[in-house]
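**Q** Here is a sequence together with a model predicted from it:
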Number of protein chains: 2
Amino acid sequence: MKKIKVKCWVEDEGEKFYGPGPNELLKRIQEEGSLSRAASKMEMSYKKAWELVQRLNQHTEEPLVILKKGGQHGGGAEVTPQGLEIMREFENLQIKIDELVDQQTDLIKVLK
Amino acid sequence: MKKIKVKCWVEDEGEKFYGPGPNELLKRIQEEGSLSRAASKMEMSYKKAWELVQRLNQHTEEPLVILKKGGQHGGGAEVTPQGLEIMREFENLQIKIDELVDQQTDLIKVLK
DNA sequence: TAGCGATATATACGTTTATACATAACGCTT
DNA sequence: AAGCGTTATGTATAAACGTATATATCGCTA
């Protein structure tokens, strides 16, 4: 069974910085309120998740995620309104691309 | 400067087998008539190119590339009509996706 | 002020992936 | 029969990447 797959992401000055991985991480952070829990839930190492957040925040004027250390619960992670908006727009784009691809049957027909 | 990028490919039983890399390789083979020259022109090792051709031909009923060894010019490589058709359809798909993505400005607007 | 849970950071390790290199096999040409 | 250029194939090396592990830091709580 052959299937067309598509992946989209955003690059800044040639460096990729927002794609499916970061998008899932933001969603998990929103659910968990913690970067370490978000990372382990999606089977990503904490280090990679942390570096990812750094890169995300470097490439935007307003941070997408705010990390806090110490305090009542030892710290935590939070997705900013800007982060939520980007998640929304990115998922919209993905849906539109998926819809287009679902209509494209010619390539699959050729591949017997 | 932020930019949306898209990559599409075809999977067969979960294994990816046709994408931008194979597509370029087929184009080069068509131009060069030789797998080794095609590979070096696109800075791919011969071994990887050869393995790629094996995988391509394994996943289709009719081969996409025919390799010949020995003979007048030592051998050669040729893209079959099926291969040409797949190249055509794949590039059509890429163009449609690119057109759709060019229209999607919302995500880029959010990313300041 | 000791403890807790989370972020912050470096180092070492293992896995995957691609390349470089060497060599064999093939079949036409001369 | 020797030579040529290409495909065919294995081995060793290197580069990239992700993970595991360990330790430090922070700030509220009790």
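**A** Sure, I can see it.

**Q** List the buried residues of the helix or strand where A:Leu25 lies.
**A** For A:Leu25, the host element (DSSP states H and E) is helix A:20-32. Neighbour counts over helix A:20-32 (16 or more other CB atoms under 10 Å in any protein chain shown) mark A:22-23, A:25-30, A:32 as buried. For every residue, glycine as well, the C-beta is placed using N, CA and C.

**Q** The helix or strand of chain A with the lowest mean pLDDT: partners in the sheet, and parallel or antiparallel?
**A** Every helix and strand in chain A was compared by mean pLDDT, DSSP states H and E; the lowest is strand A:15-18, with a mean of 90. Strand A:15-18 sits in its sheet next to strand A:2-12 (antiparallel), going by DSSP bridges.

**Q** Next, the angle helix A:20-32 makes with the partner strand.
**A** 80 degrees (axes from the mean of the first three to the mean of the last three CA atoms, to 10 degrees).

**Q** chain center to strand A:2-12, what's the gap?
**A** 13 Å (CA atoms, centre = their mean, to the nearest Å).

**Q** Mind telling me which residue of chain A is nearest DNA strand C?
**A** A:Gly74 (2.5 Å; CB to the nearest atom of the strand).

**Q** pLDDT (mean, whole number) over the helix holding A:Leu25?
**A** On average, the pLDDT along helix A:20-32 is 96.

**Q** The helix or strand following it: which residues count as buried?
**A** Sequence-wise, the next helix or strand downstream of helix A:20-32 (DSSP H and E) is helix A:35-41. For helix A:35-41, a neighbour-count test (16+ other CB under 10 Å) marks A:35, A:37-39, A:41 as buried.

**Q** what residue is smack in the middle of chain A?
**A** Against the mean C-alpha coordinate of chain A, by CA atoms, centre = their mean, the closest residue is A:Asn23 at 1.4 Å.

**Q** List the residues that contact that one.
**A** A:Asn23 is in contact with A:87, A:90-91, counting by CB atoms under 8 Å, 6 or more residues apart in numbering or on different chains.

**Q** In helices only, show me these.
**A** Mapping the contacts of A:Asn23 onto helices (DSSP state H) picks out A:87, A:90-91.

**Q** Save these as TSV, and put in neighbour count, pLDDT and distance to DNA strand D too.
**A** Shown next, in TSV, are these (neighbours: other CB atoms under 10 Å in any protein chain shown; pLDDT from 0 to 100; distance: CB to the nearest atom of the strand, whole Å):
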residue	neighbour count	pLDDT	distance to DNA strand D
A:Met87	19	97	21
A:Phe90	24	97	19
A:Glu91	14	97	22
